[in-house]
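Participant: Please work out how this folds:
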Amino acid sequence: MDKANLQVIREAFGRVVYTHKTHEKEADLQLNQANWVKWFNIVLIAVTTGSLLSTIFTSNNLLLVGAIASSLNLGFSIFQLSFNPEQKGAKHKQVASYLWLIRERYLCLMTDIISGSISKAEVILRRDSLINDLDLIYKSAPATSNKAYEKAREALQINEEFTFTDEELNKFLPTELHFKNNKK
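Facilitator: Model (predicted):
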């Protein structure tokens, strides 16, 4: 077994797990912000329309409310067009999807190393291929926030989102593949 390369690959795998989860959490943050922006925009449009329509039947004071709401709506629309959290969220989801595949390839590579089913030359070839694939993904990936990283850390370390018990895995697998008490 190639212990030196296995250690390097394990560390790279850990970084990919964190980066994958961070992009998932960033996507959630961006899409939540996009939802909030949409609802706020709907409220502004309703206030603007309601106040302007009500001026037909009441005083001009509501015209002022409509003008203020309309100005806020314009500013908010400019914000939406400038920052577009929905588009950012979609990009983070896409990056997370690419990283999921890399993560799975790392798992398979580690399995092959431990089982001794591949040569040292093949280990190096696959390791380098993964590094090059990661480089391409990272070059096009948008930046994540500290908040997303903290949410990823909490998800992985506290909520154990990436781990399964044998009992949980057994529920998904046919009986022949069940493990009992960490044994085959």
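Participant: Let's see the helix or strand bottoming out on mean pLDDT in the chain as CSV, backbone CA atoms only.
Facilitator: Counting by mean pLDDT, DSSP states H and E, the weakest-scoring helix or strand in the chain turns out to be helix 61-83, with a mean of 75. C-alpha atoms of helix 61-83 as CSV (Å, rounded to 0.1, in the frame of the first residue of the first chain):
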residue,chain,number,x,y,z
ASN,A,61,-50.9,62.0,1.4
LEU,A,62,-51.1,58.5,-0.1
LEU,A,63,-49.5,59.9,-3.3
LEU,A,64,-46.4,60.6,-1.2
VAL,A,65,-46.4,57.1,0.2
GLY,A,66,-46.7,55.7,-3.3
ALA,A,67,-43.8,57.9,-4.5
ILE,A,68,-41.6,56.7,-1.6
ALA,A,69,-42.5,53.1,-2.2
SER,A,70,-41.9,53.5,-5.9
SER,A,71,-38.5,54.9,-5.3
LEU,A,72,-37.6,52.1,-2.9
ASN,A,73,-38.9,49.6,-5.5
LEU,A,74,-36.6,51.2,-8.1
GLY,A,75,-33.6,51.0,-5.8
PHE,A,76,-34.4,47.5,-4.8
SER,A,77,-34.7,46.5,-8.5
ILE,A,78,-31.3,48.0,-9.2
PHE,A,79,-29.9,46.0,-6.3
GLN,A,80,-31.4,42.8,-7.7
LEU,A,81,-30.0,43.4,-11.1
SER,A,82,-26.6,44.3,-9.7
PHE,A,83,-26.1,41.5,-7.2
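Participant: roughly how far is that helix from the heart of the chain?
Facilitator: Centre-to-centre, helix 61-83 and its host chain are 31 Å apart (C-alpha atoms, centre = their mean, to the nearest Å).
Participant: In terms of secondary structure, what does that helix contact?
Facilitator: Applying 3 or more C-beta pairs under 8 Å, 6 or more residues apart in numbering; DSSP states H and E, one finds that helix 61-83 contacts helix 3-54. For the C-beta atoms, the positions are set from N, CA and C on the backbone; glycine is no exception.
Participant: Give me the packing partners of the helix it packs on, helices and strands only.
Facilitator: Under the contact definition 3+ C-beta pairs under 8 Å, 6+ apart, helix 3-54 sits against helix 61-83, helix 85-115, helix 120-140, helix 146-153.
Participant: Apart from its chain neighbours, what residue comes closest to the spatially most central residue of the chain?
Facilitator: The chain has residue 24 as the residue nearest its centroid, 1.3 Å off, counting by C-alpha atoms, centre = their mean. Once flanking residues are discounted, residue 24 sits nearest to residue 96: 4.7 Å by C-beta to C-beta, 6 or more residues apart in numbering.
Participant: again with residue 124
Facilitator: The nearest residue in space to residue 124 (C-beta to C-beta, 6+ apart) is residue 5, at 6.8 Å.
Participant: looking at it, the one you found is touching residue 127, isn't it?
Facilitator: Yes - using C-beta atoms under 8 Å, residue 5 is in contact with residue 127, at 6.1 Å.
Participant: Alright, I will stop here.
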